[in-house]
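**Student:** No sequence on hand, only this structure:
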């Protein structure tokens, strides 16, 4: 069963709400998001780039790093009262209007 974005945001909120500390401040979350993006970059570089992992480095995965980014994105949105489904709709509208002719479309014949 697939989860909706709203369900995932609620699941994250239930998790965070069990702790007295609650959500981090926006600046702390931005720092955490930057850290997670750096970890994703490192994994992509190890897998597709010229920098292999050291034998002493633990295994990690692009999937887990993307999951971490998704989690912190939901925390950030929840803390600011942002519905990510609405944000997604607005971004898709922007891409479907402003950028509709920006790239070469595949033939649909």
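**Tutor:** Good, I have the coordinates. Here the structure is a predicted model, which is why all the values come from computation and not from measurement. Residues are numbered from 1 along each chain as shown.

**Student:** Which strand or helix spans residue 91?
**Tutor:** helix 84-97 (DSSP states H and E).

**Student:** what's the offset of that helix from the middle of its chain?
**Tutor:** Computed by Cα atoms, centre = their mean, to the nearest Å, the separation of helix 84-97 from the middle of its chain amounts to 16 Å.

**Student:** Helices of the chain, start to end?
**Tutor:** Using DSSP state H, the helices of the chain run over 5-17, 26-48, 62-80, 84-97.

**Student:** quick one: contacts for residue 53?
**Tutor:** Each residue near residue 53 by Cβ atoms under 8 Å, 6 or more residues apart in numbering is listed here: residue 46. Using the backbone N, CA and C atoms, a C-beta is placed for each residue, glycine as well.

**Student:** Can you give me the pLDDT of it?
**Tutor:** pLDDT for residue 53: 81.

**Student:** can you check the one 4 residues further on too?
**Tutor:** pLDDT, the model's per-residue confidence, is 77 for residue 57.

**Student:** Would you mind confirming that residue 73 makes contact with residue 87?
**Tutor:** No. Using Cβ atoms under 8 Å, residue 73 is not in contact with residue 87, being 9.8 Å away.

**Student:** which one of these two has more residues nearby?
**Tutor:** For residue 73 and residue 87, the more surrounded residue by other Cβ atoms under 10 Å is residue 73, and the numbers stand at 18 against 13.

**Student:** tell me the contacts of that one?
**Tutor:** Per Cβ under 8 Å, 6+ apart, neighbours of residue 73: 33, 84.

**Student:** again with residue 9
**Tutor:** 74, 77, 78, 83, 84.

**Student:** Buried ones among these?
**Tutor:** Neighbour-count burial within these applies to 74, 77, 78, 84; the criterion is 16 or more other Cβ atoms under 10 Å.
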